[in-house]
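# Next one to model:
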Amino acid sequence: MLGCWLLAQCCPQQPVTSNQQPVTSYGGGRVRRRIGDMGKLLEKVLLEASKLPDQEQEAFAAWALAELESERRWDDLFARSQDVLAKMADEARQEYRAGLTEPLDPDTL
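Below you'll find the model as predicted:
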């Protein structure tokens, strides 16, 4: 149940072409992607998660989806901040060249 639901949430459904066989029963549901298209480690995670009680499956799925969304947000933030990060790096180099920096000593942090 979780495997099918999580796969449907995380992976865009693709039409099945004539040379592909849809998976009709994975985790108690129907999906339009072949299991062979999924990474082996993800497949193992989904199979193990499908053995959990329904409430734990839901909690795991909510956590996994939140993690995926968080990664998307970080990727977006970094992509949109490249100009700012480049400017900050330039400023840091200028400060270093001007002798305005000092070595970082982890013991004094």
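# Mind naming the longest helix for this structure?
helix 54-80 (DSSP state H).
# for that helix, packing partners?
When contacts are defined as 3 or more Cβ pairs under 8 Å, 6 or more residues apart in numbering; DSSP states H and E, helix 54-80 packs onto helix 2-10, helix 40-49. Using the backbone N, CA and C atoms, a C-beta is placed for each residue, glycine as well.
# give me the low-pLDDT residue ranges for the chain?
For the chain, applying pLDDT under 70 flags the ranges 1-36.
# In three-state terms, label T101 for me.
Local secondary structure at T101 is given as coil here, using DSSP: H, G, I helix; E, B strand; the rest coil.
# Mind listing what's buried along stretch 52-65?
Using 16 or more other Cβ atoms under 10 Å as the burial criterion, the residues of stretch 52-65 that qualify are 57, 60-61, 64.
# hang on, T101 packs against E91?
No - look at T101 against E91 with Cβ atoms under 8 Å: they stay out of range, at 11.0 Å.
# what touches both of those two?
Here T101 and E91 share no contacting residue, scored by Cβ atoms under 8 Å, 6 or more residues apart in numbering.
# does L104 sit in a helix or strand, and which one?
Using DSSP states H and E, L104 is not contained in any helix or strand.
# let me fix that: L52
Using DSSP H and E, L52 falls outside every helix and strand.
# these two touch, right, it and L46?
No - L52 is beyond contact range of L46, at 10.9 Å (criterion: Cβ under 8 Å).
# before we move on, back to that, tabulate the buried residues of stretch 52-65 (CSV), appending distance to P106.
What follows is the buried residues of stretch 52-65, written out as CSV (distance: Cβ to Cβ, whole Å):
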residue, distance to P106
Q57, 43
F60, 37
A61, 40
A64, 35
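# angle of the helix or strand just after the longest helix of the chain against helix 54-80?
From helix 54-80 onward toward the C-terminus, using DSSP H and E, the following helix or strand is helix 82-97. Helix 82-97 runs at 60 degrees relative to helix 54-80, counting by axes from the mean of the first three to the mean of the last three Cα atoms, to 10 degrees.
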